[in-house]
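1. give the three-dimensional model of this entry:
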Amino acid sequence: MPAAICLRKRCPSIEVTAALGETDEDAARIEAEWIASRILELRGSLTLGEDSRAADFSDMAVLVRRRRWWVRWRKLSTGSA
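-> Sure thing, here's the model as predicted:
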């Protein structure tokens, strides 16, 4: 299978998000809702490829890290460490 040809871009297609909430569960819910909303916003409005086709769900990926770093950061940022 031949390698895909990637066009040069003016800016990277990376977004980083984190959410704060009263509890870890609230933060996780807020973050999940925001990510879902952003994916729906990008689907159909973001154009891809030489033919400028509209992005679909199969064009997107959500990368996550373990929550351990997030819990540690939250404790440090709120002074409860």
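2. what's the following helix or strand after the lengthiest helix in the chain?
-> Longest helix in the chain, counting residues (DSSP state H): helix 24-42. Next helix or strand after helix 24-42 toward the C-terminus (DSSP states H and E): strand 47-48.
3. in stretch 22-31, what's buried?
-> 27, 31 (16 or more other CB atoms under 10 Å). Bear in mind the C-beta positions are built from the backbone N, C-alpha and C, glycine included.
4. C-alpha coordinates for that stretch, CSV please?
-> Taking C-alpha atoms only, stretch 22-31 is exported to CSV below (Å, rounded to 0.1, in the frame of the first residue of the first chain):
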residue,chain,number,x,y,z
GLU,A,22,-16.4,20.9,41.8
THR,A,23,-15.5,17.2,41.8
ASP,A,24,-13.4,15.0,39.5
GLU,A,25,-16.7,13.5,38.2
ASP,A,26,-18.0,17.0,37.3
ALA,A,27,-14.7,17.8,35.5
ALA,A,28,-14.8,14.5,33.6
ARG,A,29,-18.4,15.2,32.5
ILE,A,30,-17.7,18.8,31.5
GLU,A,31,-14.7,17.7,29.5
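5. how close does residue 56 sit to residue 24?
-> Separation of residue 56 from residue 24 (CB to CB, to the nearest Å): 32 Å.
6. same thing with residue 38?
-> Distance from residue 38 to residue 24, counting by CB to CB: 21 Å.
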